[in-house]
Structure formats: structure tokens, C-alpha cells
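S.K.: Need coordinates for the following:
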Amino acid sequence: DILVDGKVCDCDIVVTCQVGDPVPLQVKLTNRSKHSVGPFALTMMPYQDYQNGVHNYDLQDAITFVGSNTFHIDTVKPTKDSVYFGALLFLYTGDFYLNIKFHEDNCSRELPLSWLCLPSVHIRATEPVA
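M.R.: Just a heads-up that it's a prediction; the model follows:
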């Protein structure tokens, strides 16, 4: 589950926020399997989609994270949750997207890391209301 500014998000919803206001993010990983899973790394990467096949990930002048954009998740037991909190601060108006990826964080494996990518979250930063 992904919450942006307290609202549940999916790929069909555009969340609107104001430039200059921190936007709270919450990502909850629920283990629905019969076995413990982990360790994982959770990474959140903002980008702009130019609608021509180009994604701009070089946004350090437009967006900043309050806190970290990467979290370590040890183990999630069956039927349990692991919740991570962060915040984004938009410095300019525009339409932005947030890639959220989980990947195995176990360096003792000989196989390549496997990734689980959630649908991108669409966030529209607007001018503050006067």
C-alpha cells in the first residue's frame, strides 16, 4: 500500500500537493506468503515523464527528500506488515512520478538481485494558494 499525503494511491490517481509543503509518504509491505521474506531494500526514485519515452531522473533542483529515499527491511514474517515513512518537498510546479522498488538485499546469494516494482505514483505540484 502506498499513501501520499494521507491518501491511498494507485496508478489511476493523481495526487495534488503544493510547492514548498512537505508531502508525507508511507509505503507498507504486507507479507501474504506462508514464509518470512527479506532482507529487502526499498528505494523511491522521483522522475518526470516527457511523454516521448524519456524519463528525467535528474531532479535534485526540483525535488528533495526529507530523510532518506532508501530503507533497509530486515525480515517480514507471514501475515505481518512493515511500514516506512518519508516525505518529499517539491521546489517547482509540475507533474512528477515516483518509482518505488523493492529488491533483495542479501549479498550472500550467487543469483542476480530480483526486483519488485510497484506502479508509479503520479504527483502534481502546484503553486501555493494565497
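
S.K.: Spell out, range by range, the strands that occur in the chain.
M.R.: Taking DSSP state E, the strands of the chain run over residues 2-4, 7-8, 14-18, 22-30, 40-49, 55-56, 63-66, 70-73, 81-90, 94-104, 115-126.

S.K.: So which bits of the fifth one are buried?
M.R.: Of the residues in strand 40-49, Phe40, Ala41, Leu42, Thr43, Met44, Pro46, Tyr47, Gln48 count as buried by neighbour count, 16 or more other C-beta atoms under 10 Å. (Each C-beta comes from the backbone N, C-alpha and C, glycine too.)

S.K.: ok, now the fourth one?
M.R.: If you call a residue buried by 16+ other C-beta under 10 Å, then strand 22-30 has these buried ones: Pro22, Val23, Leu25, Gln26, Val27, Leu29.

S.K.: from the residues you listed, which single one is nearest Gly6?
M.R.: For the buried residues of strand 22-30, the residue nearest Gly6 by C-beta to C-beta is Gln26; the value is 8.2 Å.
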